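# can't give you the sequence, but here's the structure:
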C-alpha cells in the first residue's frame, strides 16, 4: 500500500478543484513528463472517442496511480477529471529520481500499478470518503480492542516486495465459509537457509522469512490459519469462532489487492489466534506456533516489549502441550527446545535448563536437536560467567 501520509509530507503535491482536468503529459521531453498518485479525493477516467466526445471507463481512489502509460510511452487518449476536490503527488523526472533513492518501495508500487486494470466507474454517492492523511492502520488497530495484544502498535512503511519472487498465486477454499479465493503459496523448494537454526527453532532464509506468508486469510470472511489447514482441512467447530470473527470483521480492514506490509502480517496472525479456538484437538499447538511467529515478527520491527510478551505466551502454550500431550521422542525434543527458547526470549525461567537437558539427553532423540540444546546450554553458561 502506498504510504500516503509520507507522500503528503514529502511533496511535491498539487491540488485540483472539483471538475478540473489533470494533465498527464508524456513524450520525449523529460522536463514535461508527469504521472500522479491520488492522495485525497476522486478522479474519473474518460476515453476520448473518434467523434470528439468521451465516455467514462474507470474511477480512481486515494492510493491509485495514474498517468503511467503517458509517462512511459507518450500520449494517450485518456482524460483524468476530478469528481471531488483532489490532491495528488506529482511524479516527474526529479521526484522519480528522489523516490528511487529515498523510498524505493513506493516507486515499486508506482511501477507495478501503472499498468493495472482500472476500477469500474462508480456512482459518486458510493465512493468511500476522502482519505485523511492521519487515518492509518494505527487507527484501525486502536479500534480493534480485544483482537490485538495490549501494546501492539502500527509499524509503517515495512514491506518486502522482494519476497514475491519466492511465492506464487494459489486458489484456496475456506474451511469456514466454503468460498474460494486466491492467495499465495511459498516456493519452499527455492528456499535456502542463510544461517543455522537458532536456539528457539527459528529458521532464516536468504531473501525471505516464512512468517510473512505462513498464514492464509480468507478474503470473504477473514477466517485465518496456517496454509496447511486450508489444503488439508481438519475438524473444526465453527460455532466457537463465528461471533469473534464477526466482531473482527467490524474493526480489521485488510487491503488484499495492495502490496502486503507488516501490519497485514500481524493482523493475519491475530485473526488466526481467534480461529485456532475452532480446532479443539490442536488449538494449543496452533496458538504456540502463532505466538512464536509473532515474537519473531516483533523482533524484526525492534519492539522488544512486544517480542517478550509474545514469547511468554508461546512458552506458556508449549508448556501446556508438554504437560498434557502424548509426544514422540522428537516431538518432545522440539517442545522442550521451544519452551526453553521462548522463556529465554521472554526473560523468564520456569525450569528452563531442565527442558534443555531433556532435549539434549532423551533416549533415541534426534542428534540435530540434541546438539542445538547442548549449544544453547553452553551459550547460557558463557553469558552467566
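Thanks, I have it. Source: prediction; values computed, not measured. Numbers count the residues shown, from 1 in each chain.

# Where do the strands of the chain begin and end?
Counting by DSSP state E, the chain has strands at residues 13-16, 35-40, 43-48, 54-60, 65-66, 78-82, 86-91, 167-173, 180-186, 193-195, 204-205, 215-217, 224-226.

# could I get those strands as TSV with mean neighbour count?
No exception for glycine: its C-beta is placed from N, CA and C like everyone else's. What follows is the strands of the chain, written out as TSV (neighbours: other C-beta atoms under 10 Å):
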stretch	mean neighbour count
strand 13-16	16
strand 35-40	24
strand 43-48	18
strand 54-60	17
strand 65-66	23
strand 78-82	19
strand 86-91	23
strand 167-173	13
strand 180-186	16
strand 193-195	10
strand 204-205	16
strand 215-217	24
strand 224-226	24
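
# So which of those strands is nearest residue 331?
Set against residue 331 and scored by C-beta to C-beta, the strands of the chain come closest in strand 224-226, at 17.2 Å.

# Who are the packing partners of the closest one?
strand 215-217, helix 262-276, helix 283-300 (3 or more C-beta pairs under 8 Å, 6 or more residues apart in numbering; DSSP states H and E).

# Pull up the pairing partners for it, direction included.
Using DSSP bridges, strand 224-226 pairs in its sheet with strand 215-217 (antiparallel).

# could you give the mean pLDDT of the strand it pairs with?
When pLDDT is averaged along strand 215-217, the result is 97.

# Residues touching it, excluding its own?
Applying C-beta atoms under 8 Å, 6 or more residues apart in numbering, the set of residues contacting strand 215-217 from outside is 172, 183, 223-227, 230, 254, 256, 265, 267-269, 271-272, 290, 293.

# Which positions in stretch 362-379 come out as buried?
Going by neighbour count (16 or more other C-beta atoms under 10 Å), the buried part of stretch 362-379 is 362, 365, 369, 370, 372, 373, 376, 377.

# if I look at the nearest residue to the last one once chain neighbours are set aside, how far off is residue 236?
So that's residue 377. In this structure, residue 377 finds its nearest non-sequential neighbour in residue 356, 5.2 Å apart by C-beta to C-beta, 6 or more residues apart in numbering. Distance of residue 356 to residue 236, computed by C-beta to C-beta, to the nearest Å: 35 Å.

# Those two - which one has more neighbours?
A direct count of neighbours by other C-beta atoms under 10 Å for residue 356 and residue 236 places residue 356 higher, at 24 against 21.

# Am I right that that one is in contact with residue 333?
No - the pair residue 356 and residue 333 fails to qualify as a contact (C-beta atoms under 8 Å) at a distance of 10.3 Å.
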